[in-house]
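> Dropping a prediction and its sequence here:
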Amino acid sequence: MPIQPRDSVKALPGVGPARARALERLGIRTVEDLLTFFPRGYEDRTRVSTIAQAPEHVPVCIRATVADRPSATRVRKGLNTTKVQVVDDSSCMTITFFNQDYVKDALRPGTEYIFYGKVEGRGLRRRMTNPAFEREGAQRFTGCIFPVYSLTAGISNHLLAALAKRVSADCAGALPEVMPQELRLAYHLAQSEFSYRSIHFPASWEELDMARRRLMFEELLCLSLGLALLRHRRTAEEGPEIPPADLTPFYDLCPFPLTGAQKRVIGEARADLALRRPMNRLVQGDVGSGKTVVAAACAYLAAKGGFQAAMMAPTELLARQHYRSLSGLLAPAGLMVGLLTGSMTSAEKRKRYAELAEGQIDLLVGTHALLSEGVSFYNLGLVITDEQHRFGVSQRAALTEKGGRGQHPHVLVMSATPIPRTLALIIYGDLDISVIDEAPPGRRAVRTYIVGESKRARMYDFVRKLAAEGRQTYIVCPAVEEGESGAEGGPTLKSVMTYAETLRTQVFSNLRVGFVHGKLKAKEKDAVMDAFAAGGLDILVSTTVIEVGMDVPNAALMVVENAERFGLSQLHQLRGRVGRGAHQSYCTLVTSARNPESMARLRVLASTNDGFKISEEDLKLRGPGDFFGARQHGLPHLKIADLAGDMRLFRQAQDAARELLARDPELSEPGHLALLDKVRRLFAEHPHRFN
């Protein structure tokens with residue numbers, strides 16, 4: 001019986017229980033998983049050369065005869081070598097294999113093989129190390145464009161390529177053609193069977209381009225369709241109707257005049273709240289742009305409409321800071337603001353639960369503790385999350401499910417990570433987007449400098465000068481412990497614990513130096529951060545745990561060690577920890593890097609304080625992963641499409657999705673069912689979003 005796409009990989013020859021477990025670590029459980037486990041790169045094994053003419057350090061295929069029996073040598077424990085002489089009509093060459101004992105019996109004297117690898121040396125001293133090889137006339141993996149896959153322990157690239165060759169030949173035609181024919185013709189897309197075969201073993205680079213374009217388009221189309229269907233379903237849900245109350249009393253209570261951008265965004269949210277469908281709005285604003293006031297205005301409107309609001313922050317420190325600032329804004333307007341964090345005592349939590357359930361609290365600010373079972377709202381109408389990409393999608397969904405009276409509460413998402421609008425439309429495709437693109441009046445730009453190791457003593461003098469004026473300094477390191485090596489062959493990375501001790505005892509012995517990092521217990525971490533915020537420390541040495549949430553107006557200097565190790569957007573976030581008070585603030589990027597690309601990135605940061613310009617550059621240089629870390633943003637996992645790569649292809653896929661949904665809003669027509677199934681499977685990791 002022929003192998004089918006939904007069969008287990010155990011049905012394939014050579015895949016027993018141990019290999020099946022190893023493949024599962026790569027996400028490969030079925031034959032279809034193997035077909036859609038796309039190569040991460042390719043080797044050009046079509047390039048053929050003689051031994052004499054082979055270029056140095058460029059991989060080539062060489063057809064040569066084994067001249068004598070391979071000789072094996074044990075160099076030391078764990079290291080064996082096998083050497084063999086090969087010849088062709090032009091010259092001879094020595095090939096060395098490390099820890100590949102099977103070669104001794106696999107290579108037979110007088111037999112011709114194809115060897116693929118890099119040739120080194122000249123004249124009669126030509127040599128090759130660990131080449132791939134096949135017997136002449138029985139080639140499967142030479143003379144072709146050869147796929148290179150991501151691997152795991154117990155799985156070699158040769159094994160994956162052999163399995164992929166088998167299933168792409170036998171099963172590519174068994175996968176359904178999900179793309180409607182009129183859409184394939186309109187966008188000049190290859191057929192499914194051709195694409196799944198050619199993505200693994202293309203006959204030419206042109207065929208590979210055709211296959212990649214088709215499969216990327218298909219994935220981006222499914223993403224666009226899924227997000228569009230989510231948006232459509234959201235508009236069909238019923239949400240609490242919050243009347244557009246007069247905001248003049250709230251504005252009058254604000255300690256400073258709001259910017260035009262703040263008022264515009266509040267107006268957009270106010271219009272959403274008045275509709276009988278749940279708001280799902282992302283508010284993007286650069287560091288210090290005043291997003292908290294927008295959140296406060298929405299909570300004010302909810303309270304005036306008879307509803308409660310909840311705000312979830314990623315850390316206790318940030319939750320407490322939001323609690324203080326929101327209490328200051330809303331308490332004078334008669335709103336009761338409560339705080340709920342994991343470190344509160346059981347008695348404090350029970351009291352808060354009771355106040356919440358009875359409707360005494362208008363706005364509850366907290367951490368993940370808001371999701372605990374005891375939390376029951378009297379009438380939740382608005383959910384606010386800060387730094388959205390730091391929460392799992394399921395956590396946000398769990399909070400919205402606490403909405404009252406069977407309704408879906410309105411959702412306001414705040415992000416201080418400036419994201420290029422094109423990428424934001426992808427990442428938050430089911431949200432409406434508002435941008436606060438205006439800084440509050442009087443906020444001074446942070447002056448940013450790139451400093452080499454030769455200027456370190458001068459930088460330390462500047463720290464002392466600021467401390468004498470009563471200002472505080474952050475010093476951020478990329479490592480927690482000693483011994484992590486730097487990039488580019490550079491020095492060992494500055495580590496928080498060792499460096500803090502050196503600064504305390506040798507450099508700033510007359511200043512108060514503290515340190516904090518993510519491996520500390522939460523209480524220890526918060527105690528140090530609170531001490532710095534209260535002015536009890538002059539210098540805080542830290543990892544990036546202070547990237548979000550530290551609001552210390554008296555801090556006037558941010559020093560980033562090994563700055564080349566950080567992404568531009570992350571450096572911009574770190575810089576945003578200073579410049580929050582009345583004093584001129586500074587950011588010093590310390591680096592010993594000589595790499596032109598690293599220096600170009602740092603110069604971008606030094607040249608502008610505009611987070612959106614910086615994020616555009618970061619997206620070009622590093623791709624979208626730098627914004628969101630380990631897929632915390634909730635976007636479905638894309639196997640081949642590159643969100644930062646081809647925006648033109650994504651826009652075409654969006655256009656195609658709009659055309660399809662205009663004709664068939666639920667994708668329920670027979671010709672669209674396979675596509676709908678593919679969309680559902682793409683979003684299967686987040687069923688609470690899609691099902």
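Ah, there it is. Numbers count the residues shown, from 1 in each chain.

> show me where the stretch 451-600 of the chain has strands.
Listed in chain order, the strands of the stretch 451-600 of the chain (DSSP state E, counting those that start in this stretch) span 472-476, 513-516, 539-542, 555-560, 586-590.

> Give me the contacts around the third one.
Residues from elsewhere that reach strand 539-542, judged by CB atoms under 8 Å, 6 or more residues apart in numbering: 463, 467, 472-477, 496, 499-500, 503, 508, 511-517, 528-529, 532, 546. (Glycine included, C-beta is placed from N, CA and C.)

> The first one too?
Contacts made with strand 472-476 from outside it, assessed by CB under 8 Å, 6+ apart, are listed as 463, 466-467, 499, 503, 532, 535, 537-544, 546, 550, 552, 554-561, 574, 577-578.

> Show me just the buried residues among these.
The neighbour-count criterion (16 or more other CB atoms under 10 Å) marks 463, 466-467, 499, 503, 532, 537-544, 546, 550, 552, 554-561, 574, 577-578 among the contacts of strand 472-476 as buried.

> quick check: longest strand of this structure.
The longest strand of the chain (DSSP state E) is strand 79-87.

> Tell me the helix or strand right after that one.
Towards the C-terminus, the helix or strand next in line after strand 79-87, according to DSSP states H and E, is strand 92-98.

> what packs against that following strand?
For strand 92-98, the packing partners by 3 or more CB pairs under 8 Å, 6 or more residues apart in numbering; DSSP states H and E come out as strand 79-87, strand 127-129.

> Compute the inter-axis angle for it and strand 79-87.
Computed by axes from the mean of the first three to the mean of the last three CA atoms, to 10 degrees, the angle separating strand 92-98 from strand 79-87 equals 160 degrees.

> what is the mean pLDDT for strand 92-98?
When pLDDT is averaged along strand 92-98, the result is 96.

> same check, this time on stretch 191-199
Model confidence over stretch 191-199, given as mean pLDDT, is 95.

> Residue 582: neighbour count?
Residue neighbour count, defined by other CB atoms under 10 Å, stands at 10 for residue 582.

> Run through the residues that contact it.
The neighbours of residue 582, taking CB under 8 Å, 6+ apart as the test, are residue 553.

> returning to what we had before: as TSV, the helices and strands packed on strand 92-98 with mean neighbour count would be great.
TSV is the format used below for the helices and strands packed on strand 92-98 (neighbours: other CB atoms under 10 Å):
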stretch	mean neighbour count
strand 79-87	18
strand 127-129	18
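
> of those, which approaches residue 440 most closely?
Evaluated over those, closeness to residue 440 peaks at strand 127-129, with 61.4 Å, by CB to CB.

> Number of residues surrounding residue 163?
With neighbours defined by other CB under 10 Å, the count for residue 163 comes to 25.

> and it, helix, strand or coil?
Residue 163 falls in the helix class when you classify it by DSSP: H, G, I helix; E, B strand; the rest coil.

> Show the pLDDT at it.
pLDDT for residue 163: 93.

> Bridged to the nearest residue to residue 504 once chain neighbours are set aside, which residues?
Spatially, and ignoring its direct neighbours in sequence, residue 504 is nearest to residue 513 (4.2 Å; CB to CB, 6 or more residues apart in numbering). With DSSP bridges applied, residue 513 shows beta-bridge pairing to residue 539.

> residues touching residue 513, list them.
The contact partners of residue 513, by CB under 8 Å, 6+ apart, come to 500, 503, 504, 537, 538, 539, 541.

> From residue 467, how far off is the second one?
So that's residue 503. When distance is defined by CB to CB, to the nearest Å, residue 503 is 12 Å away from residue 467.
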